[in-house]
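Chemist: any chance you could fold what I've pasted below:
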Amino acid sequence: MSGEPVSNKALAPSAPPLLVVISGPSGVGKDSVVRRMAELGYPFHFVVTATSRPRRENEVDGRDYHFVTTAEFEEMIRKDELLEYAVVYGQYKGIPKAHVREALASGKDVILRLDVQGAATVRRLIPDAITIFLTAASEEELFRRLRMRKTEDPEQLRRRMETAREEMKHLPEFDYVVVNSDCHLDDAVRAIAAIITAEKCRTRPRRAHL
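Modeler: Reported below is the predicted structural model:
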């Protein structure tokens, strides 16, 4: 044996916190995936989106979204307090910058739930963000989910379906794709967890800066 002292220094550097974007069309189950990850105890910090749309019956302010008035949202825009924002079906949605900075500073992996337009903005501003496109198993399955929600009138539903078809065209722009099939939510969650695990094993880790 060598006479040199043995060091207890780690042989591999610890991975920095990751910024993970989960995106995809309406109806693919972005909310369900994030909630299930939390229920199963995955150690991540979820940054809650701010929106000016009315709260639905089963939603909780601060958990599902930060619900604000249109005037309050426009004030955040004026003060440049948002990482990204968009008008989605006539209502504002956006991510407060301060919440993302605080989340990254916590040392935990950070998850953002965004529409396809918002994911493109984050990819441009934070190139080392990991982008995951969530999709249903088929267009038929996706549209059935949208109809079952019964949260839109027929015209709004038609617009959502048209938008979903357009958003599916952006799938190749993402790093990963995960299929969230009916009755297989945990499979989708495990796939996302596997992506995060693999990213933490990179020899050249991604470093998200904001």
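
Chemist: so, low pLDDT: which residues of this protein?
Modeler: Residue ranges of the chain with pLDDT under 70: 1-3, 11, 150-151.

Chemist: run through the strands of the chain in chain order.
Modeler: With DSSP state E as the criterion, the chain has strands at 19-23, 44-47, 50-51, 66-67, 82-88, 91-96, 109-113, 130-135, 176-179.

Chemist: between the ones you listed, which one is nearest to A191?
Modeler: Closest approach to A191 among those is made by strand 176-179 (4.6 Å; Cβ to Cβ). Using the backbone N, CA and C atoms, a C-beta is placed for each residue, glycine as well.

Chemist: neighbouring contacts of the closest one?
Modeler: 130-137, 171, 188, 191-192, 195 (Cβ atoms under 8 Å, 6 or more residues apart in numbering).

Chemist: ok, so of these, who is nearest D61?
Modeler: L134 (23.9 Å).

Chemist: what's around that closest one, how many residues?
Modeler: Residues near L134, counting by other Cβ atoms under 10 Å, number 23.

Chemist: same check, this time on the one 4 residues further on
Modeler: Summarising burial for S138: neighbours were counted as other Cβ under 10 Å, giving 12.

Chemist: contacts only, for it.
Modeler: Contacts of S138 (Cβ under 8 Å, 6+ apart): none.

Chemist: try it again at 10 Å.
Modeler: 144, 179, 181-182 (Cβ atoms under 10 Å, 6 or more residues apart in numbering).
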